[in-house]
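Student: have a look at this prediction, sequence included:
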Amino acid sequence: MRLFSPLLFPLMAVLIWATNTVVSKAAAGVVDPAAISFYRWVLAALALSPFCLPQLWRRRAEFRPWLGKLLVLSLLGMVLYQCLAYYAAHSTSATNMGVIGSLLPLLTLLIGAAFFGQKPGKQALAGMSVSLFGVFWLLSQGQPLTLLHNGINPGDGMMLLGAASYALYGLLIRRWQLPFGPWLNLYVQILLAVLLLIPVALSADSLAVPREGWSMVLFAGLASSLLAAYCWMRGLACLGAERTSVFMNLIPLFTAMIAVTSLGEPIHGYHLLGGGLILGGVMCSQIKARRRTPLLEEA
């Protein structure tokens, strides 16, 4: 059992994240997206404060030169990515959200090549091409030419933008190498996210959370924001970045399975073909990437 126990950490993390995608969809008809975005990080901040606030106060002078970068990271990784997902859930399916989320490694390669001079190899380019065709197939529901006339679903577009935001977040957090440790870095970003989300919360039609909505808020604020992060960090420590990052490919599969069983979402042929092409292209790109550079260390 000891040989397999480290695998449970990243497996549990991606299962929680997949469940949270379905929770986001379920919350669309229950809680205002601005409200759940705000309450999620308030809960996470309250849960971490007893452990992180004393250390942050002692080291407050060290953080001042890094506040600008921490603010950018918080905006990209917590405000934009998570808010867009909650708004996207109003006009797309949880299955689509999970499949589009699996584009993160591919988007990381694209953004790295476009803005940071990270040239992908031939195999990575081939993987990108396959994945992009899979995206067009999925977003057009198996009829790519219709995208020229009708465009894409607004929810799918918001998920693509959110995934790109998080891909940039992953690139910047590796480049900047913040020297405060993962939990303190996370805590400060959460505090900044709460501040950034105050105007968003004030724009909500209603900040009230009905009784059936509190379990969704609690899951997002504690399980998805903190427990999954802990499991992912343990996976990185036990298995390394390369082996751990492979588990991200399970998120669309888990999301589809949970959405089918809990929300009754149908699975169509274009989901299978488009999702398969996206994952196949991502895996092809990652094979080359693992030989040259470390993979994403955060999710």
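Tutor: That came through, no problem. The shown structure was predicted, so the numbers you read here are calculated from the model rather than taken from an experiment.
Student: wait, doesn't residue 96 sit right on residue 157?
Tutor: No: using Cβ atoms under 8 Å, residue 96 makes no contact with residue 157, being 11.0 Å away. Placement of C-beta: from N, CA and C, glycine included.
Student: who touches both of the two?
Tutor: In terms of Cβ atoms under 8 Å, 6 or more residues apart in numbering, residue 96 and residue 157 are not both contacted by any residue.
Student: of those two, which one has the most company?
Tutor: The neighbour comparison of residue 96 against residue 157 (other Cβ atoms under 10 Å) goes to residue 96, with 29 against 17.
Student: contacting residues for the more buried one?
Tutor: Contacts for residue 96 (Cβ under 8 Å, 6+ apart) come out as 138, 153, 155, 156, 159, 271.
Student: helix or strand: which one has the last one?
Tutor: I take that to be residue 271. helix 269-292 (DSSP states H and E).
Student: now swap in the fourth one and tell me
Tutor: Assigned by DSSP H and E, residue 156 belongs to helix 154-176.
Student: quick one: mean pLDDT for that helix?
Tutor: The pLDDT scores in helix 154-176 average 90.
Student: beyond that helix, next helix or strand please.
Tutor: Scanning the chain past helix 154-176 towards its C-terminal end, the next helix or strand to appear is helix 182-202 (assignment: DSSP H and E).
Student: how about that following helix: buried residues?
Tutor: 182-194, 196-197, 201 (16 or more other Cβ atoms under 10 Å).
Student: just curious, which of these is nearest to residue 18?
Tutor: Proximity of the buried residues of helix 182-202 to residue 18 was ranked by Cβ to Cβ; the top entry is residue 186 with 20.5 Å.
Student: tell me the contacts of the closest one?
Tutor: Contacts of residue 186 by Cβ under 8 Å, 6+ apart are 48, 229.
Student: ok, so what distance separates it from residue 173?
Tutor: Counting by Cβ to Cβ, to the nearest Å, the separation of residue 186 from residue 173 is 10 Å.
Student: by mean pLDDT, flag the weakest helix or strand of this structure.
Tutor: The helix or strand of the chain with the poorest confidence is helix 146-150; it has a mean of 64 (mean pLDDT, DSSP states H and E).
Student: beyond the host helix or strand of residue 46, next helix or strand please.
Tutor: Take DSSP H and E as the rule and residue 46 turns out to sit in helix 33-58. Once helix 33-58 ends, the next helix or strand along the chain (criterion: DSSP H and E) is helix 60-63.
Student: kindly format the C-alpha coordinates of that following helix as PDB.
Tutor: Output for helix 60-63, consisting of C-alpha atoms alone and laid out as PDB, is shown next (Å, rounded to 0.1, in the frame of the first residue of the first chain):
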ATOM      1  CA  ARG A  60       5.100  42.100   6.400                       C
ATOM      2  CA  ALA A  61       8.100  44.300   5.400                       C
ATOM      3  CA  GLU A  62       9.400  41.500   3.200                       C
ATOM      4  CA  PHE A  63       6.200  41.500   1.200                       C
END
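Student: what does it contact?
Tutor: Counting contacts by Cβ under 8 Å, 6+ apart, the residues outside helix 60-63 that touch it are 56, 70, 180, 188.
Student: farthest pair within the residues you listed?
Tutor: It's 56 and 70 that sit farthest apart of the contacts of helix 60-63, by Cβ to Cβ, at 11.4 Å.
Student: quick check: neighbours shared by these two?
Tutor: Taking Cβ under 8 Å, 6+ apart as the contact criterion, the common neighbours of residue 56 and residue 70 are 63, 188.
Student: residues contacting the nearest residue to residue 269 once chain neighbours are set aside?
Tutor: Here the nearest residue to residue 269 in space, its sequence neighbours aside, is residue 142; by Cβ to Cβ, 6 or more residues apart in numbering that works out to 6.6 Å. Applying Cβ under 8 Å, 6+ apart, we find residue 142 in contact with 268, 269, 270, 273, 274.
Student: where's residue 142, which helix or strand?
Tutor: Residue-wise, residue 142 maps onto no helix or strand under DSSP H and E.
Student: ok, so what distance separates it from residue 237?
Tutor: Separation of residue 142 from residue 237 (Cβ to Cβ): 42 Å.
Student: then residue 193?
Tutor: Relative to residue 237, residue 193 is positioned 25 Å away (Cβ to Cβ).
Student: how about residue 248?
Tutor: With Cβ to Cβ as the criterion, residue 248 and residue 237 are 17 Å apart.
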